[in-house]
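In: Sequence and predicted model, in that order:
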Amino acid sequence: MTNKARLLTGLALGCVLSTPALAEEYRGFYFGLWGGSGMTDMPSSAEIDDAFDTAWVQSILDSIANDYNSDPETVGTLTLTDAGRSPSTLDDTTDVWGGTIGFRFNRWLGMEVGYVHLGEVKYDFNGVVNSTFDPGAISEDFDYTMGYRFTSAGPTGAVVGFVPLGRRFELSGKAGIFFADTRETIRLYDVEFAENFAHGRSDASQTELFAGIGATWSATERLAIRVEYQKFFDVGDDSKTYEQDIDVINVGVLFK
């Protein structure tokens, strides 16, 4: 056998023998914690204003007054009138956090299960209600706040692909399912008496899709830093709550 043939044979044997070792190096469990910022595609503040307009507030006030006036034990007649509001505010940027447990099968493929909390969207405005009571035409104004909240959280499961770029750096991509528990709450709050005079809640449990891409830097053999972009699709239920995509940018720590 020539020297060249011996060299090629040695290289081939080395590759064959090293493949299980490389696979074993990447194989195993890991877990991580992460946090970041989310951006929802909620309707604009003006569009939400149209949904919660003066007529909407007045219908609630009329219902409260009717309940009072129809009670045989009450005396007199109560009239409630929406007397105006301040400009609304919408905060659709949320604080997002989560945890992950993963198992890596080899250099290229793994799976992850986890939990994610996508934060809380907030919409608010302040208003004034005029209360008139007869007989006596007793009239007074009181301040109220209107608050709308949208939040979603739940378990996740995903398949993850990896592209190692050297010993310490790698890219990753994932696709999976988000088992979303989504809640929408609305309340009108009497500032003076510190109590709700109207409150509503809608819950939706949906199975949604999500995907993400990331980059991981291994600081040591046991510790890594991952930066990710994730997108959660159609979170919520149009028949019960708003339905929206949520974009997330997060940074996490992985323990191997």
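Out: Arrived safely. The model shown is predicted, which means the values in this text are computed figures rather than measured ones.

In: Give me the neighbour count for Glu192.
Out: 10 (other Cβ atoms under 10 Å). For glycine as for every other residue, the C-beta is placed from the backbone atoms N, C-alpha and C.

In: Over to it. Which of the three states is it?
Out: coil (DSSP: H, G, I helix; E, B strand; the rest coil).

In: residues contacting it?
Out: By Cβ atoms under 8 Å, 6 or more residues apart in numbering, the contact list for Glu192 reads 142-143.

In: Now name the helix or strand holding Gly32.
Out: Applying DSSP states H and E as the criterion places Gly32 in strand 28-40.

In: Using PDB, write out every CA atom in that strand.
Out: Output of strand 28-40 as PDB, limited to C-alpha atoms (Å, rounded to 0.1, in the frame of the first residue of the first chain):
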ATOM      1  CA  GLY A  28     -28.300  16.000  25.600                       C
ATOM      2  CA  PHE A  29     -30.800  18.100  27.600                       C
ATOM      3  CA  TYR A  30     -30.600  21.800  28.200                       C
ATOM      4  CA  PHE A  31     -32.900  24.400  29.800                       C
ATOM      5  CA  GLY A  32     -33.100  28.100  29.700                       C
ATOM      6  CA  LEU A  33     -34.900  31.300  30.800                       C
ATOM      7  CA  TRP A  34     -35.500  34.300  28.600                       C
ATOM      8  CA  GLY A  35     -37.100  37.700  28.500                       C
ATOM      9  CA  GLY A  36     -37.700  40.400  26.000                       C
ATOM     10  CA  SER A  37     -40.100  42.800  24.300                       C
ATOM     11  CA  GLY A  38     -43.300  42.000  22.300                       C
ATOM     12  CA  MET A  39     -45.100  44.100  19.600                       C
ATOM     13  CA  THR A  40     -48.700  43.300  18.800                       C
END
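
In: Which other helices and strands does that strand contact?
Out: strand 93-104, strand 109-134, strand 223-236, strand 243-255 (3 or more Cβ pairs under 8 Å, 6 or more residues apart in numbering; DSSP states H and E).

In: chain center to the very next helix or strand once past it, what's the gap?
Out: Next in sequence after strand 28-40, counting helices and strands by DSSP H and E, comes helix 45-51. Helix 45-51 sits 21 Å away from the centroid of its parent chain (Cα atoms, centre = their mean, to the nearest Å).

In: For helix 45-51, the averaged confidence score.
Out: Averaging pLDDT along helix 45-51 gives 90.

In: which helices and strands does it pack with?
Out: Against helix 45-51 (3+ Cβ pairs under 8 Å, 6+ apart) you get strand 89-91, strand 109-134.

In: how about CSV for those, with mean pLDDT and distance to Ala55 added?
Out: Listed next are these as CSV, based on pLDDT from 0 to 100; distance: least, Cβ to Cβ, whole Å:
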stretch, mean pLDDT, distance to Ala55
strand 89-91, 95, 20
strand 109-134, 94, 13
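
In: how about the helices and strands packed on strand 28-40 in TSV, adding mean neighbour count and distance to Gly161?
Out: Shown next, in TSV, are the helices and strands packed on strand 28-40 (neighbours: other Cβ atoms under 10 Å; distance: least, Cβ to Cβ, whole Å):
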stretch	mean neighbour count	distance to Gly161
strand 93-104	17	11
strand 109-134	18	6
strand 223-236	18	14
strand 243-255	18	16
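
In: Quick one, which of these gets closest to Glu195.
Out: strand 109-134 (13.5 Å; Cβ to Cβ).
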